[in-house]
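Q: dropping a prediction and its sequence here:
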Amino acid sequence: MPYSKTTALKKIVKLEKRYRLIAGGTSASKTISTLQYLIALAQSDKQPTLTSIVSESFPHLRRGSMRDFINIMTEHGYFKEDRWSKSDFIYTFESGSKLEFFSSDQPSKVRGPRRDRLFVNEANNIHKEAFEQLAVRTKEFIIADWNPTNEFYLYEDYIGVRDDIDFITLTYKDNEALSSEIVGEIESRMNNKQWWQVYGLGQLGESEGRIFTSWQAVDSIPHEARLERRGLDFGYSNDPTTIVDIYYYNGGYILDEQLYRKGLSNKQIADVLNNLDNPNTLVVCDSAEPKSIDELKSYGVNALAANKGQGSINQGIQYLQDQRISYTKRSLNLQKEYRNYLWATDKEGKALNKPIDIFNHCMDATRYGFESLRPSHEEDDEITAPDWIINAMNGN
């Protein structure tokens, strides 16, 4: 049962204070268990209440907590189509209680009417001012969850500072609904100290290990933007095939995720590419799959192999670091990878001169696309992670 009563749910139900803060690692059931709890409360209310579920953008909501909510309700036989407003994204329970979804980038909602309960999903991606505006308009309690990739305002101004805080940490071990295969995937990364600290143990990480920073989210592609390239990273059974569009705009670049899916044949990939806007755009692909590239060409795709010579990964990373990069809010997988793409470490936490081999599918596709935009540097020495990052991660 994917929505069973896990240890994570039992721990969340026991929280009592006004602020109920939940940090946790990957697959810890933070969001699922919180939704289960809020659904149960709404169903049993004696007087109607309003619960707001908020995350950073509407695409994030639609493919995250909103989808999880509908799946939970449907699996348990609770969901009634006529009680779900597809225009306002509000569900009305038989008790009269309502559960609504909106994003923190909607000022009228953030500063709008009061509510009884609030759930802020992935609070580390929501601005402090928006969080506080939501909190002061909430009567009963506020739940917030996040992956502890780095310190932010809840660590600085709430945890250990206020006395109306319940703070817990959840890990994959609190989620008995996980399959043995997923547990094995998580535990196979135990030797990467930085990743394991955050995503395995649910403990606060350090931002110094992030490869990319300061990218900006934009609502959509401006009309004046020019599509320059498409980057493609092949996948199939274990990894997704990813396609990222690269636009030039006003001195910088905007990335727009077009595909992130497993199990696609080369013919299906070609069909996706040929049905996108501007289908003749040059597609720069992972050069490790020359047969796949030739097959794409046979289907009419304007495909080219990326340069993957010695040092090309780090040179490509440095070139990207030198650019002004934005991404569309609908590019959810790309956004997640950007925030979690780290320099690898050894068992002692010493920085290695290579990125981790995870959260890298959109990142690789992006790097391939930029490869043909980057000026040729045949004489370049191998590029390394910046000294200040290595020094910080190694405790120097």
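A: Thanks, I have it. It should be emphasised that the depicted structure is a prediction, and the values quoted were computed from it without experimental measurement.
Q: then residue 52 would be within a strand, right?
A: Yes - assigned with DSSP: H, G, I helix; E, B strand; the rest coil, residue 52 falls within a strand.
Q: what residues does the closest residue to it other than its chain neighbours make contact with?
A: The shortest distance from residue 52 to any non-neighbouring residue, by CB to CB, 6 or more residues apart in numbering, is to residue 115 (4.7 Å). C-beta here means a position set from N, CA and C on the backbone, and glycine is covered the same way. By CB atoms under 8 Å, 6 or more residues apart in numbering, the contact set of residue 115 is 50, 51, 52, 100, 137, 138, 139.
Q: for residue 115, list each beta-bridge partner.
A: residue 138 (DSSP bridges).
Q: all helices of the stretch 51-200 of the chain, in order?
A: For the stretch 51-200 of the chain, the helices defined by DSSP state H, counting those that start in this stretch cover 58-63, 65-75, 107-110, 128-136, 153-157, 180-187, 193-195.
Q: for these, which one sits closest to residue 238?
A: helix 180-187 (9.4 Å; CB to CB).
Q: isn't residue 190 up against residue 197?
A: No - applying CB atoms under 8 Å as the test, residue 190 and residue 197 come out as separate, 10.4 Å apart.
Q: and those two? Which one has more around it.
A: Between residue 190 and residue 197, residue 197 has the larger neighbour count (other CB atoms under 10 Å), namely 20 against 12.
Q: so what's the more buried one up against?
A: 203, 204, 205 are the contacts of residue 197 under CB under 8 Å, 6+ apart.
Q: what subset of the residues you listed is buried?
A: residue 205 (16 or more other CB atoms under 10 Å).
Q: export the contacts of residue 197 to TSV and append columns for pLDDT and secondary structure.
A: Putting the contacts of residue 197 into TSV (pLDDT from 0 to 100; DSSP: H, G, I helix; E, B strand; the rest coil) gives the following:
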residue	pLDDT	secondary structure
203	92	coil
204	88	coil
205	77	coil
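Q: how close does the residue nearest the centre of the chain sit to residue 227?
A: Centroid-nearest residue in the chain, with CA atoms, centre = their mean: residue 336, separated by 2.7 Å. Per CB to CB, to the nearest Å, residue 336 is found 23 Å from residue 227.
Q: could you do residue 291 as well?
A: Residue 291 is 27 Å from residue 227, by CB to CB.
Q: what do you get for residue 319?
A: 19 Å.
Q: related to what we said a few turns ago, grab the two from the contacts of residue 115 that are most spread out in space.
A: Every pair of the contacts of residue 115 checked by CB to CB; the farthest is 100 and 139, at 14.6 Å.
Q: the two: which is more packed in?
A: residue 100 (17 against 12).
Q: neighbours around the nearest residue to the more buried one once chain neighbours are set aside, how many?
A: Excluding the flanking residues, the one nearest residue 100 by CB to CB, 6+ apart is residue 90, at 4.5 Å. Burial of residue 90 is recorded as 16 neighbouring residues (other CB under 10 Å).
Q: bridged to residue 90, which residues?
A: Legend: beta-bridge partners of residue 90 under DSSP bridges are residue 85, residue 100.
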